[in-house]
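Asks: Mind folding the following:
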Amino acid sequence: MRRRQVEEDEDNKERWMVSYADFITLLFAFFVVMYAISSVNQGKYEQLTSSLGTAFTGENTPQLNNPPDGNAEHANIKGLYGQPSFIRPLELARRNDKQRREREAMTSMANNLANHLAPMVLEGKIKVMQNNRGVRVDIHDSLLFAPGASELQPIASGPLNEIAQALKTNNHAIQVEGHTDNVPIHNDKFYSNWELSAMRASSVVRMLQDSGLDEKRLSAVGFGASQPMDDNSTPLGRARNRRVSIMILYDSLMPNQTDVSEIAPDTPTVIRPTVTPPPEDSPATPAPATAKPAPAPSTRTAPPASKPATN
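Replies: Numbers count the residues shown, from 1 in each chain. All right, here's what the predicted structure looks like:
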């Protein structure tokens, strides 16, 4: 069988134009996409900014307006003429940043207090600490009061004035807490340790107010022996528990006097008792018995009431 001759294709000198056309097409598409990205649709951008601002902050973000001259092409991406428009950070992030800055300021104030009260801190009569409520200054009761008394001693004016001067530079709420040991007290002035601790806290509050602190920042609390720092079974532990603590609170713990909501009680349902009539065949009511004469009062006198022991 005779074989066909394979015709050899001649080289096409125009094949490069196919690759060149593909390259030009891709380059044209690239520049079209770049142009579409660079052209900002002002209306759609306003809607996007408003939607994202509402989603992140929960508040309506004001939309951008055209400038007074009506030239929207040269309008900058700004809000309300000159104020930059941006998506505000999350509320949680702002709150965490505020708490961090407040904690750093409280740490600086605690260091300042410790430096001003350094001699008494080294003697162990005053202790400055920082916790999740704020800065706490523990003052030993022997530095402020006589045993079993609530009146401040003359030597108490020194450290209390130092603390008051250091606290004038801020507006944090101040809570003065009185603490005692578990040894019961009962005399003509104090019925228990609750009254003693509350009166001691009130005396310190009065001294701080006289030193120039605003009374709206101050409050007094008596804890008695309910919050010991040490074991009350030893004299040293009881001495540590007898103290007055000055708490400088974080702003987040300050009461908001304007946010007040009155709660009204629910209207109670009055249930009236029903009177059941007596049955018809009930026997007649017997006549009341003759009352017996009251016995003559006894001439025996009651023993006098015992008086409570005093500490």
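Asks: what about the nearest residue to D141 once chain neighbours are set aside, how many neighbours?
Replies: Nearest residue to D141 in three dimensions, chain neighbours excluded: R242, at 4.1 Å (C-beta to C-beta, 6 or more residues apart in numbering). Using the backbone N, CA and C atoms, a C-beta is placed for each residue, glycine as well. R242 has 24 neighbours, counted by other C-beta atoms under 10 Å.
Asks: so R242 touches I139, yeah?
Replies: No - counting by C-beta atoms under 8 Å, R242 does not reach I139; the two are 10.3 Å apart.
Asks: thinking again about what came up before, tell me the pLDDT of the residue nearest to D141.
Replies: R242 is assigned 94 on the pLDDT scale.
Asks: The one 10 residues further on too?
Replies: Residue-level confidence at S252 comes out at 69, pLDDT.
Asks: quick one: which helix or strand includes E104?
Replies: Per DSSP states H and E: E104 is located in helix 91-116.
Asks: Packing partners of that helix?
Replies: With contacts taken as 3 or more C-beta pairs under 8 Å, 6 or more residues apart in numbering; DSSP states H and E, helix 91-116 sits against strand 126-130, strand 134-140, helix 157-167.
Asks: who touches the longest one?
Replies: Judged by C-beta atoms under 8 Å, 6 or more residues apart in numbering, the contacts made with helix 157-167 from elsewhere in the structure are 109, 112-113, 116-117, 120, 126, 137, 139, 143-144, 152, 174, 204, 207-208, 211-213, 246, 248.
Asks: Just the buried ones from those residues?
Replies: 109, 113, 116-117, 120, 126, 137, 139, 143-144, 152, 174, 204, 207-208, 211, 213, 246, 248 (16 or more other C-beta atoms under 10 Å).
Asks: mind checking how far the residue nearest to D141 is from R101?
Replies: 36 Å (C-beta to C-beta, to the nearest Å).
Asks: again with T107
Replies: Counting by C-beta to C-beta, the gap from T107 to R101 is 11 Å.
Asks: Could you do D251 as well?
Replies: Distance of D251 to R101, given as C-beta to C-beta: 11 Å.
Asks: Tell me which of these two has more neighbours.
Replies: D251 (15 against 10).
Asks: Hmm, that one is touching A105, no?
Replies: No - the pair D251 / A105 is not scored as a contact, 10.0 Å apart, by C-beta under 8 Å.
Asks: And for the nearest residue to M129 once chain neighbours are set aside, the neighbour number?
Replies: Closest residue to M129 apart from its sequence neighbours, by C-beta to C-beta, 6+ apart: R136 at 5.0 Å. R136 has 18 neighbouring residues, counting by other C-beta under 10 Å.
Asks: just use 227 as the starting number from now, easier for me
Replies: Taking 227 as the first residue, the last one we looked at is R362.
Asks: pLDDT at R362, what is it?
Replies: 94.
Asks: what sits against it?
Replies: V354, M355, Q356, S471, I472, M473, I474.
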